[in-house]
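# requesting a structural model of the entry that follows:
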Amino acid sequence: MIYKKVYIKTWGCQMNLYDSNKIINHLKSFNTYKFVDSYKDSNLIILNTCSIRKKSELKVFNYLNKLKKLKIFNNKTIVCLCGCLATHLKDKIFSRTNLVNIICGPKSIQNLNNLIIKFVKYKKRLIDIKNRNISENINKILSDNVKINSFVTIMEGCNKFCSYCIVPFTRGFELSRKPESIINQICYLSKNKIIEINLLGQNVNAYNSFFKNGIKCDFTDLLCLISKINKIKRIRFTTSHPYNFNNKLINSYKYLSKLVNFLHLPVQSGSNKILKLMGRKYTIEYYKEIIYKLLYIRPNMLFSTDFIVGFPNETEKDFLMTLDLIKEIKFDYSYIFMYSPRQGTISFNMIDNIDNNEKKRRFKEIKKLIIENVSEINKKMLFNIYKILVEGFSKKDFSYLFGRTENNRKVFFIGKKNLLGKLVSVKIYKISTYYLYGKLV
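Predicted coordinates:
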């Protein structure tokens, strides 16, 4: 009998989306939970949170204020706060709000049902943020309502300790799954119509594990194994770190044709001075060397990245170096963030000496330049033919299907249901800033 109607809301990165999927699968296995589309219809609200920036934290507490009215009318509603914010703020959450009943960290998802049962029984607020081993028992996790592509976590945590980043403190040290477990999961997914895999981790290319026979398996070795699974047609991964992007991985683009022509490789700044202050452990020269080696192998490859603007002591000269890098590499869609200090990090003790108006100006300048790059890339794609992996129907017009090119462009085109999950050839005839439109060839 269903006794809990669950609403789950997720903030943050793809890892958080994946964790929400794990929460759903974990609770569904008990046959006592039903998932609903609105918090107004629920009596168990799960907030899977992000704490990477101050803005992310504020969004969560603003949302909790929104729930306050609901709690007045239904004091039986349980609110569970999961994710990185749970680990970052820990028991401080209870002192900031009386709406949260359960705090559950990213490594404690497997214990969530037990926490809910305990709260129902004893009516005492509970917290579990223990660092458990990375779960291997997640073979039945399919991507959220998508039948042809799926995220697969291969490792969690981070050992880099960049000066601005809270992730090592909320996700813990790097832990890699066993290669046999990953391959078994992907084989299971491939038997369930999944043909594109997106490997996930805070630093996927820092993956480091061992086979049962004791032989080492690094990230490139894992990619080779996945490529041998016949039903898998495309392999993506995110997020990788320049420090671990070695020649072995670069050269794999020569012979692993299933690796897509798109890479997200965070750079953060175009200034070596700022990179050193950020603790990024590489130089701009090293970063550009990776890009140019990949372009030599695959001339049509596209790159996206992350930028932080307004980091402490970032001068106008440092900022202009970042603009020069964007112009040189021609970065595609990228993530831009205004620096915000996070308690517990090294940079928290630095003077945040760039005012918000200046941060906003720099943010807008980078965004403008990136959009110009995107427009230029789209124009080059016009009237060319691309292989599209068909993912679903357009929400606005069901006569249109949509899918993605190898270089991560979303393309809409008229087609029938029998094309779902297939690779088709589409000629681009119309472009916009964010989408392309094509016709079946």
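
# could you use CA atoms for every contact and neighbour count after this?
OK.

# which intervals of the stretch 51-200 of the chain have sub-threshold pLDDT?
71-74, 131-147 (pLDDT under 70).

# which parts of the stretch 301-441 of the chain are strands?
Shown for the stretch 301-441 of the chain, the strands assigned by DSSP state E, counting those that start in this stretch span residues 302-304, 306-309, 335-338, 385-393, 400-404, 410-414, 423-431, 436-440.

# ditto for the stretch 151-300 of the chain
Using DSSP E, counting those that start in this stretch, the strands of the stretch 151-300 of the chain run over residues 155-156, 175-176, 196-200, 208-210, 216-218, 234-238, 262-264.

# closest one to L369 among the ones you listed?
strand 262-264 (17.5 Å; CA to CA).

# residues making contact with that closest one?
When contacts are defined by CA atoms under 8 Å, 6 or more residues apart in numbering, strand 262-264 is touched by residues 236-240, 301-305, 406-408.

# also stretch 155-163?
Against stretch 155-163 from outside (CA under 8 Å, 6+ apart): 134, 167-168, 171-177, 200-204, 207, 277-280, 345-347.

# next, the buried residues of the lengthiest helix in the chain.
Counting by DSSP state H, the longest helix found in the chain is helix 356-381. By neighbour count on 16 or more other CA atoms under 10 Å, the buried set for helix 356-381 is 359, 362-363, 366-367, 369-375, 378, 381.

# same thing with stretch 385-400?
Under 16+ other CA under 10 Å, the buried positions of stretch 385-400 are I385, Y386, I388, L389, V390, E391, G392, F393, Y400.

# please name the residues that touch the fifth one.
Pointing back at V390 there. Contacts of V390 (CA under 8 Å, 6+ apart): L401, F402, G403, R404, L419, L420, G421, K422, L423, V424.

# and the residues you listed, which is closest to N313?
For the contacts of V390, the residue nearest N313 by CA to CA is R404; the value is 39.9 Å.

# quick check, the closest one in contact with F413.
No - under the criterion of CA atoms under 8 Å, R404 is not in contact with F413, lying 11.1 Å apart.

# would Y7 count as being in a strand?
Yes - counting by DSSP: H, G, I helix; E, B strand; the rest coil, Y7 is located in a strand.

# what about it, neighbour count?
Y7 has 21 neighbours, counted by other CA atoms under 10 Å.

# how about the nearest residue to it, chain neighbours excluded?
I45 (4.9 Å; CA to CA, 6 or more residues apart in numbering).

# that neighbour: neighbour count?
Neighbours around I45, by other CA under 10 Å: 25.

# identify the residues contacting it.
Per CA under 8 Å, 6+ apart, neighbours of I45: V6, Y7, I8, K9, Y39, T77, I78, V79, C80.

# cool, and T433?
Contact analysis of T433 by CA under 8 Å, 6+ apart lists I371, V374, S375, N378.

# ranking the strands of the stretch 151-300 of the chain by burial, who's on top?
Across these, averaging neighbours per residue (mean count of other CA atoms under 10 Å) puts strand 155-156 on top, at a mean of 24.

# now do it: distance to the chain's middle.
Chain-centre distance of strand 155-156: 12 Å, with CA atoms, centre = their mean, to the nearest Å.

# what do you get for stretch 218-237?
19 Å.

# tell me the buried residues in it?
Buried-residue list, stretch 218-237, by 16+ other CA under 10 Å: 218-223, 226-227, 231-237.
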